[in-house]
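> Model the structure of this input:
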Amino acid sequence: MIDEAEPSWKDLLVDKAFIQKIVQEQNERIGFVPDPTATPERVRDRILALGIRPEDNLASCGIIAAREE
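All right, here's what the predicted structure looks like:
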């Protein structure tokens with residue numbers, strides 16, 4: 001029988017610099033450039049400008065329904 005010790009809190013910590021490096025590399029590979037000025041309002045405006053109606057979007061339907069409860 002294998003004795004599995006409970007992990008200590010130190011075992012649960014992640015090296016943030018390592019993760020940030022991986023995320024940066026992935027973003028570069030897919031050509032994603034984060035916009036530090038992005039806001040939910042700007043995203044909503046861009047979606048509406050593209051002619052996408054939130055009430056027709058499956059994800060938005062769930063959010064709208066949850067707000068109405």
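> remind me, longest helix of the protein?
Looking across the chain with DSSP state H, the single longest helix is helix 16-30.
> how far out from the middle of the chain is stretch 19-29?
Its chain's C-alpha centre and that of stretch 19-29 lie 14 Å apart, by C-alpha atoms, centre = their mean, to the nearest Å.
> residues making contact with that stretch?
Phe32, Val33, Pro34 (C-beta atoms under 8 Å, 6 or more residues apart in numbering). The C-beta positions use only the backbone N, C-alpha and C, and glycine is treated the same way.
> what about that stretch, average pLDDT?
Averaging pLDDT along stretch 19-29 gives 93.
> Check stretch 59-67 too.
Here the average pLDDT along stretch 59-67 is 76.
> Of the contacts of stretch 19-29 - the most surrounded one?
Highest neighbour count within those: Phe32, with 11 neighbours (other C-beta atoms under 10 Å).
> by contact count, what packs against the host helix or strand of Arg42?
Arg42 is part of helix 40-49 when elements are defined by DSSP states H and E. Under the contact criterion of 3 or more C-beta pairs under 8 Å, 6 or more residues apart in numbering; DSSP states H and E, helix 40-49 touches no helix or strand at all.
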